[in-house]
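S.K.: Whatever this is, show me its structure:
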Amino acid sequence: MTVSILGCGWFGQALADALLRKGTAVQGSTTSPDKLAVLQNAGVIPYLIDLAGEADPGEYASFFSCDVLVVSIPPRVLQQPAGSFLKQVEKLIGLLCRYEAKQIIFISSTSVYGDNCGSVDERDEPKPDHVSGEVLLAAERMFREQTLFRTAIVRFGGLIGPGRDPGRFFAGKKDVPNGLAPVNLIHLRDCIGICQAVLQKQWYGYTLNACAPQHPSRKGFYTKASHDAGLELPEFVDESVAVKIVNSVYAGPELGYEFQEKIG
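M.R.: Below is the predicted model:
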């Protein structure tokens, strides 16, 4: 099996490393020429691909004609105008159809749900209240509508792990709002584990909320994280003005995945 990872950022490169350790051939893309050597030294076959650029990425036919393509768009790309990002997705889908890709894992986000949506799972209709969520939901639909390949949509919660110490998120800040609201997080180890489970079980054509089952309060979780990191403690407002609890009804029963990292 050859897995191509479009976007070897914080998550993409960690996934590549995990797949390589299991003997999977990995191709990885970056938009930074400086990172090509980093990927190659890690054992990844590197490609310089920028869907926003003028060059035709079709010159990299071998990258797009892989067994599985993981689409892991860096968060900074979502800061672009919505139309610009969706044009990149449209270009990507055209390439996947041209080179007859069969299986896709599209990394989305639980931001497709509104910030005050209550308790939700994959059976609920997302109602985003931010542009980034609206754009991701539109991209999900574009992938889901394709008939030439199958897509597993994986919605990550807030990302934590090596290099993203949650203790630093609010350290020393005062009057942080919504302190009693629950958190929706996932550790890098579980991000990788879930994608590996999708690959192993060939769980395509479905949508999965990838969010740890524990949902402590923002105040409790981030105060402890700052304390454990030896940082100045944040101060939260004891209020719950926006409640969002993202659950998964498929991770265990359908995918057979058990979360490894407990939140809180």
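S.K.: longest single helix anywhere in the protein?
M.R.: Using DSSP state H, we find that the single longest helix of the chain is helix 82-98.
S.K.: I would like the C-alpha coordinates for the helix or strand following it, written out in CSV, please.
M.R.: Next helix or strand after helix 82-98 toward the C-terminus (DSSP states H and E): strand 103-109. In CSV, the C-alpha atoms belonging to strand 103-109 read as follows (Å, rounded to 0.1, in the frame of the first residue of the first chain):
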residue,chain,number,x,y,z
GLN,A,103,-10.0,6.0,-1.3
ILE,A,104,-9.7,9.3,0.5
ILE,A,105,-9.4,10.4,4.1
PHE,A,106,-10.5,14.0,4.4
ILE,A,107,-9.5,15.7,7.7
SER,A,108,-12.2,18.0,8.7
SER,A,109,-13.0,19.6,12.1
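S.K.: Residues contacting strand 103-109, please?
M.R.: Contacts with strand 103-109, where a contact means Cβ atoms under 8 Å, 6 or more residues apart in numbering, come from 11, 67-73, 96, 132-133, 136-137, 139-140, 143, 149-157, 195, 198-199, 202, 204. Where you see a C-beta, it was placed from the backbone N, CA and C, and this is true even at glycine.
S.K.: Rounded mean pLDDT for it, please.
M.R.: Strand 103-109 shows a mean pLDDT of 97.
S.K.: Could you spell out the sheet neighbours of that strand, each with its direction?
M.R.: Strand 103-109 pairs in its sheet with strand 68-71 (parallel), strand 150-156 (parallel), by DSSP bridges.
S.K.: Cool, thanks, talk later.
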